[in-house]
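Enquirer: Sequence and predicted model, in that order:
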Amino acid sequence: MLARIILILLFFLIPLSGRAGVFNPEPFELDNGLQVVVIENHRAPIVTHMVWYKVGDADAPPGLSGLPHLLEHLMFKGTKKIGPGDFSKIVARNGGRDNAFTGSDFTAYHQNLAADRLELVMKMEADRMANLVLDPKLIDTERQVVLEERRSRTDNEPASRLREKMGPEQYAVHPYRNPVIGWEGDIKAITPKDLRAFYQRWYVPNNAILIVAGDVTPQQVLTLADTYYASIPRRPLPGRERAKEPPPKGPKSVELKDKAVKQPLWMKEYLAPSRRLDPGRQSYALEVLETILSGGATSRLYESLVVRQKLAASAGASYTPDRYDLSEFGFYASPNPGVTMKSLEEAMEAEILKLLADGVTENEVERAKARLIDGAVYARDSLSGGAYALGRALGTGQTIDDVELWPERIGAVTREQVNAAIKSVLRPEAAVIGRLLGETP
């Protein structure tokens, strides 16, 4: 078995070895469908071990938003071999740290610890992939933990509530309209049966990615993966069936007033392509645009709104290409004291109109590309950076090449492509505006 896996690894390495990449990962796949990626980094005797499942809140059954996040919590509540809460205690006793997170499209579990403890966490992670115990009493207890998390991080945070209100305006039917933590009523409606069905359906090796980065060799990881993960059987995997979003009918706006607001906020988000749904590679042009608008103190929005006009305390743009379906390209700004939201909004809208009318300059594009590519060079030094970047990519339907060829594709972006992306994405009907105000806007 191990010898054949090594041959598979060598097969995958042939096309990658002839060029320089970002992280230079070494991938292979077990018979049960588990994807394995190894990133060697021998700068320190530590490792990052991550397991990513290609399932997130957008895959929750209708009316049960928040189920994947609740299940993430319950993954720490024990198996037949490991008692409730003992997973993290064992990691801590061995000098490591562990955690997990849920997104719209993926769920990930990770540990950072000494390289000679890799076998320990791999054994435990493989155990809870196959043998999770879902005790109804612990489910009810953890449900209350999640509800309290929702109250503290969303219900008591006006900015979070504004973003939550914008979701259903941006997405008419697609589950991206739901918050990852879930709506309160949905969280309360989740049953043990729902959780077991979801776990058995999605937490299978052929829907998972194991990434190990740090002071290891591919052979070491292969041996351990074969020992602990290879015996977990693959199961039939359902398709990621999500409601197809109809054409947008904006612009729309959402406003939230709260006496707790100390710093007002203006946001405008446009539907945009993700990397996976981007055959024309428009996502790379949008990344360059984001950097032009928001890449530090010399960026266009900061220089105009913060430095020159002195209207904003902060201003920028945002774009996340790592989504399985659609994404958003956003603008944001917070007014300086004494500046009305109306004045700030007019100034930001003027910047957007200027983008649409005049586009960006050749110099702006070249500077942004250099900044992005420099960032990729520095990312190589990060132990966990490669594991996160590859996990997010593979978890959203991308490939290793999408990560490794990223500098090359960014470098190929032209001014014409950025300006074409501006006109394609910044359409009024695809926009949702959010305004966060205090008692005296």
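Expert: In hand now; what should we look at?

Enquirer: what's the average pLDDT for stretch 168-178?
Expert: Taken as a whole, stretch 168-178 has a mean pLDDT of 97.

Enquirer: For that stretch, buried residues please.
Expert: Under the neighbour-count criterion of 16 or more other Cβ atoms under 10 Å, stretch 168-178 has 168-171, 174-178 buried. No exception for glycine: its C-beta is placed from N, CA and C like everyone else's.

Enquirer: what does that stretch contact?
Expert: Residues outside stretch 168-178 that contact it (Cβ atoms under 8 Å, 6 or more residues apart in numbering): 57-60, 65-66, 104, 167, 186, 242-246, 249-250, 252-254, 269, 271, 323, 325-326, 328, 432.

Enquirer: Over to stretch 183-194?
Expert: 61, 63-67, 70, 134, 136, 139, 143, 146-147, 150, 178, 181.

Enquirer: could you give me the average pLDDT of it?
Expert: Rounded mean pLDDT across stretch 183-194 is 98.

Enquirer: got the CA positions of that stretch in PDB?
Expert: Provided in PDB are the C-alpha atoms of stretch 183-194 (Å, rounded to 0.1, in the frame of the first residue of the first chain):
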ATOM      1  CA  TRP A 183     -30.200  32.200  12.700                       C
ATOM      2  CA  GLU A 184     -31.400  31.800  16.300                       C
ATOM      3  CA  GLY A 185     -34.500  29.900  15.400                       C
ATOM      4  CA  ASP A 186     -32.600  27.500  13.200                       C
ATOM      5  CA  ILE A 187     -30.000  26.800  15.900                       C
ATOM      6  CA  LYS A 188     -32.800  25.900  18.300                       C
ATOM      7  CA  ALA A 189     -34.400  23.600  15.800                       C
ATOM      8  CA  ILE A 190     -31.400  21.400  15.100                       C
ATOM      9  CA  THR A 191     -31.900  17.800  16.400                       C
ATOM     10  CA  PRO A 192     -29.500  15.100  17.200                       C
ATOM     11  CA  LYS A 193     -30.800  13.200  14.200                       C
ATOM     12  CA  ASP A 194     -30.000  16.200  12.000                       C
END
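
Enquirer: Out of the contacts of stretch 183-194, which end up buried?
Expert: The buried subset of the contacts of stretch 183-194 (16+ other Cβ under 10 Å) comprises 64-67, 70, 134, 139, 143, 146-147, 150, 178, 181.

Enquirer: Closest to Val306 out of these?
Expert: Ile181 (32.0 Å; Cβ to Cβ).

Enquirer: Find the nearest non-adjacent residue to that closest one, please.
Expert: Of all residues not flanking Ile181 in the chain, Arg150 sits nearest, at 5.1 Å (Cβ to Cβ, 6 or more residues apart in numbering).

Enquirer: Can you pull out the residues in contact with stretch 216-232?
Expert: Contacts for stretch 216-232 (Cβ under 8 Å, 6+ apart): 1-2, 5-6, 9, 26, 28, 30-32, 34, 36, 38, 40, 47, 115, 118-119, 122-123, 126, 129-130, 204-205, 210, 212.
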